[in-house]
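Chemist: Based on what follows, work out the 3D shape:
(one chain, ligands or ions: 2)
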Amino acid sequence: MEKKQFQAESQRLLEMMVHSIYSQKEIFIRELISNASDAIDKIYYKALTDDSISFNKDDYFIKVTADKDKRTLTILDTGIGMTKEELESNLGTIAKSGSLAFKKEIEMEEGQEIIGQFGVGFYSSFMVADKVTVYTKSLYSDEGYKWESDGQDGYTIETYDKDIVGTEIVLHLKEDTEDEDYTKFLEEFQLRSIIKKHSDFIRYPIKMDITKTEPKSEDDDELVETTEEEIINSMVPIWRKNKQELKKEDYESFYQEKHFGFDQPLSYQHISVDGMVRFQSILYIPEQLPFNYYSQDFEKGLELYSNGVLIMEKCADLLPDHFSFIRGVVDSEDLSLNISREILQQDRQVKRIANNLEKKIKNHLQSMLKNERDKYETFFNVFGKQLKYGVYADFGANKDKLQDLLLFFSSKEEKLVSLKEYRERMKEDQKFIYYATGESHDKIAKLPQIELVTDKGYEVLYFTDEVDEFAIKMLMNYDDKEFKNVSSGDLGIENEEEKKEIEKQKEEHQDILKDMKELLGTKVKEVRLSSRLKSHPVCLSAEGDVSIDMEKVLQQMPD
Ligand code: ADP
Ligand code: MG
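Modeler: Ligands and ions are numbered 1, 2, ... in the order given. Below you'll find the model as predicted:
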């Protein structure tokens, strides 16, 4: 027998989990069942793509057994099992993707009860157990293994005689304390309702022995106890269910079950398409920004199922970059099951689904903007930047799709407005859609160049994101109106008389302007009179189409 230490981090995580979280301990059952289901998915998928493995659907199930005398709870599955190496790397270390993300999140939001919502996976079993034993045999190994740990100081592994491929996890439940009742997890009724609550959508049967009290026979009224194996879950995946039967809570708990985020979904969509391509999908917009969203670590993608079997956890081809914040699942009966990742990229069905989804997402956002304005603004404050990048990317190829989803802060009422709203309330004589750039709304509002434009009663959009102006340059115009930076050349505001007056003054003051230019040397290109200033004596103005702020960004860019 070997005894090994957990990685240092594992212990810290366990401590945190066991000691800081008092509610929602029951989620450990959901975690273990979903691992069991994943393990069956893996073998099922293998069998469907590999003729040498036979698969009889009836052989695949999860069974939960409680033993009150021994104080054990057992979760058995007939999934793919684990080799010795897998046992070590999967259950012995947590410094992996998901857990690492988890740690960062904790640091970000200290004091919040995140763990209850987060998929802490296998480790969550130590919230209720003081010893966990795992018996497993991999499809790829002739030998079975027994892994055991108290969750505190390491684990042991030894070989174990196990007949069938699969995994059996035995939790030795902690003794009850004044504050905590662990025995409830052994009560049939409680156990059953917890499973139903969190794991009803699992696509394999979850079995339990259910005790019934019945008359001995038709003639004999004496009551006897009998046990019968029952399937607890309904097994229909949520996306296959009828929308009318589902409640907001169902969608929210599926979001949690899938670990799509630490938060609640801000909005969801349930899509069912039955046309050129058939598929069902549930899509979510998270409420909060994933901590790595605007970094290179972030991976977009949807879970892809082929007729109920998971074939890819993050299918990136299903989402355009400008909607990369969407999380969710797609299931299609029209996908060939032996699609490998490489072939998938070219799969025409996937393309079709992706195009269809893009339209659906766009429509959803548009109707949110129209009917749930506050919610949309919440969304836009979190993910709006991505839409602006989307307009800018691919040389504006997506601008028509996205321009009506953009919001900008406006001088009018100091609120977010859409371009459509701006356009609709433009004054009759207004030639351009005006904007100003700067670090903050306050600073922009104080710009000398703004005064005249707002004085004329024109609205000005405030650009504080670097990407704003780049996106606008890509759009060029909106509904036939050009965008104009308030600090650029001709604002289309002066009337003929004003223009003549300027010309006249320029002649008169030629000398002083020349002197000023000489004094400033190469710092400026030209010194000229302006009719655009009111209470400010002077302003800087950019040459041509590129604003001062944009020039700054361009200068920072690598060549
Ligand atoms: P996650 O499920 O997010 O990967 P977990 O902590 O829940 O994280 O599980 C860690 C890993 O252990 C799984 O990815 C899987 O490889 C393995 N594992 C856990 N339970 C089982 C099981 N019942 N059968 C096979 N492998 C399992
Ligand atoms: Mg898991």
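Chemist: Considering only the protein, name the residue that lies closest to ligand 1.
Modeler: Distance from ligand 1 to each residue of the chain (Cβ to the nearest ligand atom) is smallest for residue 121, at 2.4 Å. For the C-beta atoms, the positions are set from N, CA and C on the backbone; glycine is no exception.
Chemist: pLDDT-wise, which helix or strand of the protein ranks last?
Modeler: helix 97-108 (a mean of 44; mean pLDDT, DSSP states H and E).
Chemist: Residues of the protein that sit close to ligand 2?
Modeler: 35, 121 (Cβ under 5 Å from the ion).
Chemist: Just grab the bridge partners of the spatially most central residue of the chain for me.
Modeler: In the chain, the centroid-proximal residue (Cα atoms, centre = their mean) is residue 327; its distance is 4.6 Å. Taking DSSP bridges, one obtains residue 284 as the residues bridged to residue 327.
Chemist: So the residue nearest to residue 26 when sequence neighbours are not counted: helix, strand or coil?
Modeler: Closest residue to residue 26 apart from its sequence neighbours, by Cβ to Cβ, 6 or more residues apart in numbering: residue 194 at 4.9 Å. For residue 194, the assignment made with DSSP: H, G, I helix; E, B strand; the rest coil gives helix.
Chemist: Also residue 228?
Modeler: Under the three-state scheme (three-state DSSP), residue 228 adopts strand.
Chemist: In this structure it contacts residue 207, no?
Modeler: No. Using Cβ atoms under 8 Å, residue 228 makes no contact with residue 207, being 10.3 Å away.
Chemist: And the contacts of stretch 24-31?
Modeler: 64, 75, 116, 119-122, 124-125, 127-128, 171, 180, 185, 191, 194-195, 198-199, 257 (Cβ atoms under 8 Å, 6 or more residues apart in numbering).
Chemist: wait, I meant stretch 135-145
Modeler: Contacts of stretch 135-145 (Cβ under 8 Å, 6+ apart): 43, 46, 53, 80-84, 86-87, 146-147, 157-170.
Chemist: From these, which land in strands?
Modeler: Among these, the members falling in strands (DSSP state E) are 146, 147, 157, 158, 159, 160, 166, 167, 168, 169, 170.
Chemist: which ones among these come in contact with ligand 1?
Modeler: For ligand 1, the contacts drawn from these by Cβ under 6 Å from any ligand atom are residue 167.
Chemist: Tabulate the ones in strands among the contacts of stretch 135-145 (a markdown table), appending pLDDT and neighbour count.
Modeler: Shown next, in a markdown table, are the ones in strands among the contacts of stretch 135-145 (pLDDT from 0 to 100; neighbours: other Cβ atoms under 10 Å):
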| residue | pLDDT | neighbour count |
| --- | --- | --- |
| 146 | 97 | 19 |
| 147 | 95 | 24 |
| 157 | 93 | 20 |
| 158 | 96 | 11 |
| 159 | 97 | 11 |
| 160 | 97 | 15 |
| 166 | 97 | 27 |
| 167 | 98 | 27 |
| 168 | 98 | 22 |
| 169 | 98 | 22 |
| 170 | 98 | 21 |
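Chemist: hmm, back to that, can you report how many residues neighbour the closest residue to the residue of the chain closest to ligand 1 other than its chain neighbours?
Modeler: Using Cβ to Cβ, 6+ apart and skipping residues adjacent in sequence, the residue nearest residue 121 is residue 31, 5.4 Å away. By other Cβ atoms under 10 Å, 22 other residues sit near residue 31.
Chemist: Secondary structure element holding residue 31?
Modeler: Assigned by DSSP states H and E, residue 31 belongs to helix 27-49.
Chemist: Okay, buried residues for that helix please.
Modeler: Within helix 27-49, the residues that count as buried by 16 or more other Cβ atoms under 10 Å are 27-37, 39-45, 47-48.
Chemist: restrict those to contacts with ligand 1.
Modeler: With Cβ under 6 Å from any ligand atom as the criterion, the buried residues of helix 27-49 include 31, 35, 36, 39 near ligand 1.
Chemist: Check the residues you listed and tell me the two furthest apart.
Modeler: Distance extremes for these: the farthest pair is 31 and 39 at 12.8 Å, using Cβ to Cβ.
Chemist: quick one: the strands in the stretch 251-400 of the chain?
Modeler: Here the stretch 251-400 of the chain has its strands, by DSSP state E, counting those that start in this stretch, at 265-274, 278-286, 302-306, 309-315, 327-332.
Chemist: From the chain's centroid, how far away is the fourth one?
Modeler: Relative to its parent chain, strand 309-315 has a centroid offset of 16 Å by Cα atoms, centre = their mean, to the nearest Å.
Chemist: Just the C-alpha atoms of stretch 70-83, please, in CSV.
Modeler: This file holds the C-alpha atoms of stretch 70-83, laid out as CSV (Å, rounded to 0.1, in the frame of the first residue of the first chain):
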residue,chain,number,x,y,z
LYS,A,70,-22.5,1.4,8.9
ARG,A,71,-23.2,5.1,8.4
THR,A,72,-22.2,4.8,4.8
LEU,A,73,-23.5,6.3,1.6
THR,A,74,-22.5,4.6,-1.6
ILE,A,75,-22.6,5.9,-5.1
LEU,A,76,-21.9,3.3,-7.7
ASP,A,77,-21.6,3.8,-11.5
THR,A,78,-20.9,1.5,-14.4
GLY,A,79,-18.9,4.2,-16.2
ILE,A,80,-15.4,4.2,-17.6
GLY,A,81,-13.6,3.9,-14.3
MET,A,82,-10.1,5.2,-13.5
THR,A,83,-6.6,3.8,-14.0
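Chemist: buried set for it?
Modeler: 71-83.
Chemist: Please apply the same query to stretch 126-141.
Modeler: By 16+ other Cβ under 10 Å, the buried positions in stretch 126-141 come out as 126-139, 141.
Chemist: Also stretch 300-320?
Modeler: Those would be 300-306, 309-312, 315-320, for stretch 300-320 by 16+ other Cβ under 10 Å.
Chemist: In this structure, where is pLDDT below threshold?
Modeler: For the chain, the stretches with pLDDT under 70 are 2, 6-23, 92-120, 336-346, 489, 494-495, 530-536, 539, 541-559.
Chemist: Name the residues of it found near ligand 1, please.
Modeler: Contact residues (Cβ under 6 Å from any ligand atom) of the chain with ligand 1: 31, 35-36, 39, 77, 79-82, 90-91, 98, 119, 121-122, 167.
Chemist: how about 5 Å then?
Modeler: 35, 36, 39, 79, 82, 90, 98, 121, 122, 167 (Cβ under 5 Å from any ligand atom).
Chemist: a markdown table for those residues, including distance to residue 238?
Modeler: Below are the residues of the chain next to ligand 1 laid out as a markdown table (distance: Cβ to Cβ, whole Å):
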| residue | distance to residue 238 |
| --- | --- |
| 35 | 19 |
| 36 | 18 |
| 39 | 20 |
| 79 | 21 |
| 82 | 28 |
| 90 | 27 |
| 98 | 22 |
| 121 | 21 |
| 122 | 24 |
| 167 | 25 |
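Chemist: now, among those residues, which is nearest to residue 436?
Modeler: The shortest approach to residue 436 among the residues of the chain next to ligand 1 belongs to residue 98, at 43.8 Å (Cβ to Cβ).
Chemist: Surely residue 135 is in a helix?
Modeler: No. Residue 135 is assigned strand when assessed by three-state DSSP, not a helix.
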